[in-house]
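**Q** quick one, what's the 3D model for this:
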Amino acid sequence: VDIEHFQSGIANNVQGNESREIILFVGRLVEKKGVKYLLDAYAQLPTNTQKKSILWIVGDGDERASLEQQAKQLNTSKNIKFWGEVQNMKLPDFYAAASLFVVPSIVDSKGDTEGQGVILLEAMASKTPIIATAVGGIPEVIKHNETGLLVQANNPKELSGSIESLLNNSHLSEHLINKALKEVIATYDWQSVSQQFFSLFSKVKKSKIEHLNKLAGLHRTGFSARSNRENKAKKISTILREESGLSLENLSILDVGTGNGDIASYLGRKNNVVSVDVSDTRQNIQNFNFSICNEYLPFKNKSFDIVISNHVIEHVHDQKLHISEIKRVLKKDGLLYLATPNRLWPYEVHYKLFFLHYLPQPLFLNSLKFFGLYEEDVELITLNDVNTLLEKNKLTSYSGKIIKNPKKYLMNVSPLFEKVLNSIPDKLLNLTTFIHPTFIFTFKK
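**A** Next up is the predicted model:
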């Protein structure tokens with residue numbers, strides 16, 4: 001956890017004129033988070049405590065409507081504020097404003113429960129005292145009466161008692177804050193974790209890294225787009241024609257991430273193409289217009305029939321903003337082509353290394369810098385991330401189709417290997433999408 005970041009919160013940024021003590025929850029509003037038990041616990045607080053406090057629920061999810069209804073039925077809705085989803089960069093302000101932080105997680109009806117809970121580390125780093133239930137990985141982080149208070153899950157009465165106790169015991173609160181801060185600095189601070197990691201790998205010699213790079217070079221042999229970026233453009237065109245049923249002529253197309261310009265130039269031969277990038281590295285400038293911008297796209301709503309994000313999302317600073325801006329400029333029934341490497345694939349294509357990208361993002365980047373390999377930030381995503389960023393029911397995966405019929409999509413394979421790939425059942429390819437080397441999706445607005 002980035003301790004400096006989570007200690008930078010400014011309470012007034014979110015607190016405004018609120019003078020009551022703030023009880024804070026942060027997380028998705030789903031069953032396993034146990035928020036309904038927190039609402040019950042709050043309703044059981046003494047009247048005086050309710051008058052001098054307010055419960056802030058930060059997050060969104062399937063249970064939000066039922067939780068808001070529950071608050072009304074408990075006659076506590078005036079003392080409960082549902083903030084909805086909040087950007088991560090603003091969370092330190094919420095922690096700074098809070099008098100205590102509650103994690104009321106449970107084991108849900110499907111047997112799912114809390115993992116270790118990064119959110120706990122954020123609260124610890126923010127000097128916010130914690131009450132949490134003793135389920136899943138929570139007890140690995142929170143030690144009762146040391147780094148926080150632990151209570152039984154599904155027990156509003158016990159939770160309510162702990163909230164009342166902590167709100168009225170500044171000595172206990174200060175004790176928990178100090179212990180938690182020492183623990184998070186010693187064990188979970190990125191600098192501390194990086195030092196542990198570096199001491200483990202400091203004996204790795206440069207020759208071994210070079211050996212991995214040689215092995216990595218084998219990855220794309222026999223399974224790569226033919227010759228140049230124009231053929232990548234042809235592959236993209238094939239997928240878009242197949243998905244849209246259109247001839248791909250006289251359409252308005254936005255290419256996000258121009259690179260050398262070959263893809264935009266090819267598509268611009270028969271379409272009206274605009275391409276954007278954070279800097280101008282074009283070698284081909286024909287058949288398209290070009291503009292420099294960041295994630296915020298300088299176009300009106302519903303401007304384009306097609307938007308292409310080809311190996312771009314892993315490089316942007318704000319992936320949610322990248323997708324939301326694409327959705328904004330897409331016309332109704334417009335198509336997004338999205339391609340990006342899979343974080344779960346063991347070989348990382350940008351730095352040509354195995355497994356290192358499995359580390360948490362800050363540690364991955366620090367490791368690259370330590371080994372003298374760092375060039376730019378890269379944040380790979382998983383299938384779950386794709387489904388979260390875009391509506392799952394509006395997505396079509398093409399990675400399995402490309403694996404099964406590589407030549408149709410201009411991929412180089414031997415005839416024997418092609419026969420093997422052709423024989424893979426579609427169902428198996430669909431089930432294993434989460435581990436495909438590269439995700440290729442179309443999204444229809």
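
**Q** list of residues touching whatever helix or strand residue 233 lives in?
**A** Assigned by DSSP states H and E, residue 233 belongs to helix 229-244. Residues from elsewhere that reach helix 229-244 (C-beta atoms under 8 Å, 6 or more residues apart in numbering): 225, 246-248, 259-260, 262-263, 266-267, 306, 308, 310, 335, 337, 396, 398, 408-411, 440, 442, 444. Glycine gets a C-beta too; all of them are placed from N, C-alpha and C.

**Q** for that helix, the distance to its chain's centre please.
**A** Helix 229-244 has its C-alpha centroid displaced from the chain centroid by 28 Å (C-alpha atoms, centre = their mean, to the nearest Å).

**Q** now stretch 249-262
**A** A distance of 26 Å separates the centroid of the chain from that of stretch 249-262, by C-alpha atoms, centre = their mean.

**Q** could you pull out the buried residues of that stretch?
**A** If you call a residue buried by 16 or more other C-beta atoms under 10 Å, then stretch 249-262 has these buried ones: 251, 252, 253, 254, 255, 256, 257, 258, 259, 261, 262.

**Q** how about stretch 423-434?
**A** Residues of stretch 423-434 classed as buried: 429, 433 (neighbour count, 16+ other C-beta under 10 Å).

**Q** next one: stretch 4-22
**A** Neighbour counts over stretch 4-22 (16+ other C-beta under 10 Å) mark 5, 6, 9, 11, 14, 15, 22 as buried.

**Q** next SSE downstream of the helix or strand harbouring residue 5?
**A** If you go by DSSP H and E, residue 5 is part of helix 3-6. Downstream of helix 3-6, the next assigned helix or strand under DSSP H and E is helix 12-15.

**Q** not counting that following helix itself, show me its contacts.
**A** With contacts defined as C-beta under 8 Å, 6+ apart, helix 12-15 is touched by 22, 90, 93, 94, 97.

**Q** of those residues, just say which sits nearest to residue 49.
**A** residue 22 (12.9 Å; C-beta to C-beta).

**Q** a helix runs through the closest one, doesn't it?
**A** No: going by DSSP: H, G, I helix; E, B strand; the rest coil, the assignment for residue 22 is strand, not a helix.

**Q** narrow the buried residues of stretch 249-262 to those in strands?
**A** Among the buried residues of stretch 249-262, the ones falling in strands (DSSP state E) are 252, 253, 254, 255, 256.

**Q** where does the stretch 151-300 of the chain have low pLDDT?
**A** Across the stretch 151-300 of the chain, the ranges flagged by pLDDT under 70 are 189-229.

**Q** make it 50
**A** By pLDDT under 50, the weakly predicted segments of the stretch 151-300 of the chain are 203-212, 214-227.

**Q** quick one, helices of it?
**A** For the stretch 151-300 of the chain, the helices defined by DSSP state H, counting those that start in this stretch occupy 156-167, 170-187, 190-201, 206-216, 229-244, 262-267.

**Q** mind listing what's buried in the fifth one?
**A** In other words, helix 229-244. Of all the residues in helix 229-244, those buried under the rule 16+ other C-beta under 10 Å are 229-240, 243-244.

**Q** among those residues, which one lies nearest to residue 63?
**A** Comparing the buried residues of helix 229-244 against residue 63 with C-beta to C-beta picks out residue 243 as the nearest, at 34.3 Å.

**Q** adding pLDDT, distance to residue 103 and secondary structure, write the contacts of helix 12-15 out as a markdown table.
**A** Listed next are those as a markdown table, based on pLDDT from 0 to 100; distance: C-beta to C-beta, whole Å; DSSP: H, G, I helix; E, B strand; the rest coil:
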| residue | pLDDT | distance to residue 103 | secondary structure |
| --- | --- | --- | --- |
| 22 | 97 | 15 | strand |
| 90 | 91 | 19 | helix |
| 93 | 96 | 19 | helix |
| 94 | 96 | 14 | helix |
| 97 | 96 | 17 | helix |
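
**Q** greatest separation within those residues: which pair is it?
**A** Largest separation among these by C-beta to C-beta: 22 and 90, giving 14.7 Å.

**Q** verify the stated contact: residue 297 with residue 325.
**A** Yes: Residue 297 lies in contact with residue 325 (C-beta atoms under 8 Å); the separation is 4.7 Å.

**Q** for the most centrally placed residue in the chain, give its distance to residue 401.
**A** By C-alpha atoms, centre = their mean, the chain has its centre lying nearest to residue 385, at 5.6 Å. Distance from residue 385 to residue 401, counting by C-beta to C-beta, to the nearest Å: 21 Å.

**Q** and what of residue 156?
**A** Plainly put, residue 156 is 50 Å away from residue 401 if you go by C-beta to C-beta.
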